[in-house]
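Engineer: I'd like to go over a predicted model; first the sequence, then the structure.
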Number of protein chains: 2
Amino acid sequence: MKYGIIGTGAIGGYYGAKLAHAGQEVHFLFRSDYEYVKQHGLQVDSCNGSFHLPQVNAYRATTDMPQCDVVLVCLKSVNNAKLQSLLPPLLHANTLVVLIQNGIGVEEDVQQQFPGVQLAAGLAFICSSKTQPGVVNHQCYGSINLANYSCRDEALMQTVVDEFRAAGIETGFVEYNEARWKKAVWNMPFNGMTVALHTQTDQLLKNPSTRQLIREQMMEVVTAAQHLGVKNLDAAFVDKMISTTDAMTPYSPSMRLDYDFHRPMEIYYLYTRPLQIAREAGCPMPKLEMLDAELRFIEAGI
Amino acid sequence: MKYGIIGTGAIGGYYGAKLAHAGQEVHFLFRSDYEYVKQHGLQVDSCNGSFHLPQVNAYRATTDMPQCDVVLVCLKSVNNAKLQSLLPPLLHANTLVVLIQNGIGVEEDVQQQFPGVQLAAGLAFICSSKTQPGVVNHQCYGSINLANYSCRDEALMQTVVDEFRAAGIETGFVEYNEARWKKAVWNMPFNGMTVALHTQTDQLLKNPSTRQLIREQMMEVVTAAQHLGVKNLDAAFVDKMISTTDAMTPYSPSMRLDYDFHRPMEIYYLYTRPLQIAREAGCPMPKLEMLDAELRFIEAGI
């Protein structure tokens, strides 16, 4: 199988390099790192064992890339409009596009752009960053679950899971809506609140007022998701997310990093879109709506 | 009549000086300004005409003050526990205590501390500040409405209004609950939001997301107040508050000033208490609850 990676950053760089390191044919789209990687290859500094790929199929443009069987889209969702031109050169009739992106609604919108294309969601649970050209820093975790959105070819999905596992990537299948909304339970409170209060996960949980607020925001997501028919999501899951985060080292979620580095924040798919879905279903999330407004104010001032 | 002023700052200094300037007997409690005022008197720089009081009845302790017929309490509400010792020396059987303070619930709590004492609320609409010892800077407005809370002596209330008017202070009677909640419609969104987003009134209204949020927070107050039986409060009042604020020059409410100058913020009476009253009445204000939590987090970090 041929793999294509759109967005070779902390996430795409890690999973793509793991697959290539295991012998898969992987084609990487680069922007600013292109020249460096052409010359020096790709380095993965990983808690599970570092490695180097001296020869990388690196490209500047998808028009130079071959058609792929599996495309991993690892762009920030704020750049999804670019898929309109980036994606078509990589697609054949049976290509599976896996969106490894944050938020709710990305698959629906990409499907509208590309009605026939087979889509899956990739839900990565990983701490990694790209601190210099051609180097991925993988600090911990690394699993990625796949959720079928519109893939007709179940054997292809299974092959992807098998090949990920063969490459040392922990993976499995999850139900699409359940997985996306479960992720939102953690993502919606912590991403925005660390920006709004300019802090990290541990401080938000240490202060009794914000600890309570985080729990209420998580319950807003749970209640909305239940209202939308999502299964296996209840107050016990909120307890689990809180205690998991209690056990984590102080953490800056991706939105806080985007804010710190003056990059656009993924407000639309992390907040505006799920808030709109919940509101239209008659189950608004008032505290997260307020956070959305605060983030938009903050973003306008950056 | 004898007037006592507890808390001779921007508010107490202004109203007390106006009364004294008009010939009333006014006794002022000072803290750090005592020595300066004893020597140099009290200066009011006012948009309506500046004046100087060379001789001031200034005190360091209420135990040195005479019993008064009317006491204006102009402390920040965060200091109300101090009234337990400050107030008794000033009280005789018919003393009227006027609380010129922000928020909701102050009268109820002071009444519990002093069950028999006659209380009124003073709702000041004034921009003034104290920028140096013994000098009050009165920028604009200056009216103060009185709301009876537990005054049995209506003639006394009327005399206060008459003497305020004779001193050039615009005043009148308002209904207690209506007045306190109407003030909360403006106070609750703008005080906290200017702190949470480190901004001023104009920026909050210029950004469409926070403009909408401010309106929703105002409607939370209106809805809760209506639920509590408060009259003459509806969406039209929210429109009026928004358009009044649109017309104002960029403004930092008192909580933003407290925050900027590292003074304690009046979170309890401006947020926690009214939120609790509304929640107990079955009409919670979720967006203002979130603001309360954010402010507590910010205060803990100061």
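Structural biologist: Great, that's in hand.
Engineer: now the residue nearest the centre of chain A: how far from A:A184?
Structural biologist: Central residue of chain A (Cα atoms, centre = their mean): A:Q101, 3.0 Å from the mean position. With the distance defined as Cβ to Cβ, to the nearest Å, A:Q101 ends up 13 Å from A:A184. Every residue, glycine included, has its C-beta placed from N, CA and C.
Engineer: from chain B, how far out is the residue in chain A sticking out farthest from the centre?
Structural biologist: Here the centre of chain A is the reference, and by Cα atoms, centre = their mean the most remote residue is A:P208, at 29.7 Å. For A:P208, the distance to chain B (Cβ to the nearest Cβ, to the nearest Å) stands at 8 Å.
Engineer: A:L156 touches A:T95, doesn't it?
Structural biologist: No: A:L156 lies out of contact with A:T95 (Cβ atoms under 8 Å); the separation is 9.2 Å.
Engineer: anything in contact with each of the two?
Structural biologist: A:D69, A:V70, A:Q118 (Cβ atoms under 8 Å, 6 or more residues apart in numbering or on different chains).
Engineer: element containing the closest residue in space to A:V97 that isn't next to it in sequence, please.
Structural biologist: Once flanking residues are discounted, A:V97 sits nearest to A:V71: 4.8 Å by Cβ to Cβ, 6 or more residues apart in numbering or on different chains. Taking DSSP states H and E as the definition, one finds A:V71 inside strand A:70-73.
Engineer: with A:I298 instead?
Structural biologist: Assigned by DSSP H and E, A:I298 falls in helix A:286-301.
Engineer: how about the nearest residue to the residue of the stretch 51-200 of chain A found nearest chain B, chain neighbours excluded?
Structural biologist: Of all residues in the stretch 51-200 of chain A, A:L197 sits closest to chain B, at 5.5 Å by Cβ to the nearest Cβ. Of all residues not flanking A:L197 in the chain, B:F297 sits nearest, at 5.5 Å (Cβ to Cβ, 6+ apart).
Engineer: just the pLDDT for that neighbour.
Structural biologist: For B:F297, the model assigns a pLDDT of 98.
Engineer: then A:C140?
Structural biologist: For A:C140, the model assigns a pLDDT of 86.
Engineer: so it: helix, strand or coil?
Structural biologist: Of the three states, A:C140 takes strand under DSSP: H, G, I helix; E, B strand; the rest coil.
Engineer: next up, identify which helix or strand the residue lying closest to it once chain neighbours are set aside is on.
Structural biologist: Nearest non-adjacent residue to A:C140, counting by Cβ to Cβ, 6+ apart: A:C127, 4.9 Å away. Secondary structure from DSSP H and E places A:C127 in strand A:118-132.
Engineer: what about that strand, average pLDDT?
Structural biologist: 93.
Engineer: what packs against that strand?
Structural biologist: helix A:12-21, strand A:96-99, helix A:106-113, strand A:135-148, helix A:176-196 (3 or more Cβ pairs under 8 Å, 6 or more residues apart in numbering or on different chains; DSSP states H and E).
Engineer: partner strands of it, parallel or antiparallel?
Structural biologist: strand A:96-99 (parallel), strand A:135-148 (antiparallel) (DSSP bridges).
Engineer: what angle do it and helix A:176-196 make?
Structural biologist: Calculated by axes from the mean of the first three to the mean of the last three Cα atoms, to 10 degrees, strand A:118-132 forms an angle of 30 degrees with helix A:176-196.
Engineer: could you list the buried residues of strand A:118-132?
Structural biologist: A:Q118, A:L119, A:A120, A:A121, A:G122, A:L123, A:A124, A:I126, A:C127, A:S128, A:S129, A:K130 (16 or more other Cβ atoms under 10 Å in any protein chain shown).
Engineer: ok, which pair from those is furthest apart?
Structural biologist: A:Q118 and A:S129 (30.3 Å; Cβ to Cβ).
Engineer: the domain parsing of chain A - what is it?
Structural biologist: A:2-174, A:178-301 (automatic domain parsing).
Engineer: need the ones you listed in CSV (columns: distance to B:M218).
Structural biologist: CSV is the format used below for those (distance: least, Cβ to Cβ, whole Å):
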stretch, distance to B:M218
domain A:2-174, 29
domain A:178-301, 13
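Engineer: for stretch A:90-100, measure first residue to last.
Structural biologist: 17 Å (Cα to Cα, to the nearest Å).
Engineer: and it, how far out from the chain's middle?
Structural biologist: 17 Å (Cα atoms, centre = their mean, to the nearest Å).
Engineer: other residues contacting stretch A:81-96?
Structural biologist: A:4, A:6, A:29, A:62-63, A:65-71, A:73, A:75, A:97, A:110, A:113-114, A:117-120, A:151, A:153, A:156-157, A:160.
Engineer: show the buried residues in these.
Structural biologist: Using 16+ other Cβ under 10 Å, the buried ones in the contacts of stretch A:81-96 are A:4, A:6, A:29, A:62, A:65, A:67-71, A:73, A:75, A:97, A:110, A:114, A:117-120, A:151, A:156-157, A:160.
Engineer: the residue of the stretch 51-200 of chain A closest to chain B and B:E299 touch, don't they?
Structural biologist: No: with contact defined as Cβ under 8 Å, A:L197 does not reach B:E299; the gap is 11.5 Å.
Engineer: what about those two, which has more around it?
Structural biologist: A:L197 (20 against 16; other Cβ atoms under 10 Å in any protein chain shown).
Engineer: next up, the contacts around that one.
Structural biologist: Taking Cβ under 8 Å, 6+ apart, one finds A:Q203, A:L204, A:T210, B:E294, B:F297, B:I298 in contact with A:L197.
Engineer: distance of the first one relative to A:F190?
Structural biologist: Here the criterion is Cβ to Cβ. By it, A:Q203 lies 11 Å from A:F190.
Engineer: those two: which has the busier surroundings?
Structural biologist: A:F190 (25 against 18).
Engineer: nearest residue to the more buried one in space, please, no chain neighbours.
Structural biologist: A:P253 (5.1 Å).
Engineer: tally of neighbours for the one you found?
Structural biologist: Counted with other Cβ under 10 Å, residues neighbouring A:P253 total 21.
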